[in-house]
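Asker: Pasting the sequence and the predicted coordinates here, then a few questions.
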Amino acid sequence: MQPETARERGAPRKRLRATFSLGSSGLSCNLPPVRTASALVALCALMLVGETASAMEPTVSWNPAWPTFRVSEAGATLALGIAAGAAAFLYPEPGPRWNGSLPFDEAGRNLLRLSDRSARQSVAHASDLIYYGLTLYPAVVDAGIVTLGVHRRPFVALQMALIDLETYAFTGAIALSAEKVGRVRPMARECARDPNYDYKCNSQERLDQSFLSGHTTVAFSGAGLICVHHQHLPLYGGGIADPIACATGMLAATAAGVMRIMSDNHYTSDVALGAAVGIAGGYVLPSLLHYGFGSSATPSQSLLPSFELGHGSSAIFAAVTPAVTAGYAGLSLVGISE
């Protein structure tokens, strides 16, 4: 007879919590706050490298229970790509149809908007870098370099790349179509007083593209893809490095969204809806069509990215969850161990 585990005996489980947060003092990764998003990413990258070097044992393979990319998905992806292209290049510009804010938009703008033009330009540029980085990371790094180059799994890399393409077609079509709503950016009121407030002040077309935040949508799409791939495939060894990759991507996407408000490019509602669309396309859609929810070893119905660290009685089950307090708004990595 096999001895009972702690879970079977009903023994109390110990909760472990590591916090990743974005607050007024900066970004943190279970350490004293650091001042920039790049410092956080560099710190977590060092943790990833160390963990990956010490634990590259689990095999990266496509679970036979997961549906592969279907012909119907290819058709839908193509249609969504055409819709995104039409929205970007063929749809007429809407003009200023929606000039106003929701009640909580003003609170977010008053709290986060930077008054100095050079500071606004700096955070806008930083959000651009995060946008491009999170767009490329799932396909170039995870699918190309890690899965194809390191693990030498071309079939898995292909499935990941096709899932990535489907996600970006889905979220891109929504984001580019939503721009045609014609919501005026919050900076427009400042442009009326000072034409040099921002370079967009000279373009009414650019000023009418507040809804929704495309940077935030794409950033969370990329972060969601990082989470869903690392949740089900031990790309970085199957240890703590995989959930750290997910948490880092989500935190970077959150930073990008906050920076869009700080730079006065978007209202809080634009960013919040962009984040929701990005998570739906980057995490929920691949889970529904391919991976399922929860890890393959511990299936669950949770919509949150969750991971199993270790095996047997020493396993830790962790989930990346939103965390908002008076001191910060960000993410928490919450775990339960035997």
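Answerer: Everything's here; your move.

Asker: When you work out contacts or count neighbours from here on, use the C-alpha atoms and nothing else.
Answerer: Fine.

Asker: Could you give the average pLDDT over stretch 280-293?
Answerer: For stretch 280-293, mean pLDDT rounds to 95.

Asker: ah, wrong one, I meant stretch 237-245
Answerer: For stretch 237-245, the mean confidence score works out to 92.

Asker: What is the end-to-end distance of it?
Answerer: For stretch 237-245, the first-to-last residue distance is 12 Å (C-alpha to C-alpha, to the nearest Å).

Asker: Likewise for stretch 182-196?
Answerer: 22 Å.

Asker: Sketch out the helices for the stretch 201-338 of the chain, chain order is fine.
Answerer: Applying DSSP state H, counting those that start in this stretch to the stretch 201-338 of the chain gives helices spanning 204-207, 214-232, 241-262, 268-279, 285-286.

Asker: Look up the closest residue to residue 188, ignoring the ones flanking it.
Answerer: Excluding the flanking residues, the one nearest residue 188 by C-alpha to C-alpha, 6 or more residues apart in numbering is residue 207, at 6.5 Å.

Asker: quick revisit: with distance to residue 85 and mean neighbour count as extra columns, can I get the helices of the stretch 201-338 of the chain in TSV?
Answerer: Shown next, in TSV, are the helices of the stretch 201-338 of the chain (distance: least, C-alpha to C-alpha, whole Å; neighbours: other C-alpha atoms under 10 Å):
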stretch	distance to residue 85	mean neighbour count
helix 204-207	18	17
helix 214-232	14	30
helix 241-262	24	26
helix 268-279	18	24
helix 285-286	21	21
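
Asker: Distance to residue 66 added to these, as CSV?
Answerer: Below are the helices of the stretch 201-338 of the chain laid out as CSV (distance: least, C-alpha to C-alpha, whole Å):
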stretch, distance to residue 66
helix 204-207, 42
helix 214-232, 10
helix 241-262, 20
helix 268-279, 20
helix 285-286, 10
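
Asker: Comparing those helices by mean pLDDT, which bottoms out?
Answerer: Taking the mean pLDDT of the helices of the stretch 201-338 of the chain, helix 204-207 comes last: a mean of 93.

Asker: Tell me which other helices or strands that helix touches.
Answerer: Applying 3 or more C-alpha pairs under 8 Å, 6 or more residues apart in numbering; DSSP states H and E, we find helix 204-207 packed against no helix or strand.

Asker: Tell me where the stretch 1-150 of the chain has helices.
Answerer: With DSSP H, counting those that start in this stretch as the criterion, the stretch 1-150 of the chain has helices spanning 37-54, 71-89, 103-112, 117-136.

Asker: Could you identify which of the ones you listed is most buried?
Answerer: For those, average neighbour numbers computed from mean count of other C-alpha atoms under 10 Å are highest in helix 117-136, which has a mean of 18.

Asker: Pull the contacting residues for residue 98.
Answerer: Residue 98 sits next to 181-184 when contact means C-alpha atoms under 8 Å, 6 or more residues apart in numbering.

Asker: Show me which pair in those is furthest apart.
Answerer: The most widely separated members of those, counting by C-alpha to C-alpha, are 181 and 184 (9.4 Å).

Asker: before we move on, back to that, may I see the helices of the stretch 1-150 of the chain organised as CSV, with mean pLDDT and distance to residue 231 added?
Answerer: Formatted as CSV, the helices of the stretch 1-150 of the chain follow (pLDDT from 0 to 100; distance: least, C-alpha to C-alpha, whole Å):
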stretch, mean pLDDT, distance to residue 231
helix 37-54, 46, 15
helix 71-89, 96, 22
helix 103-112, 94, 33
helix 117-136, 97, 17
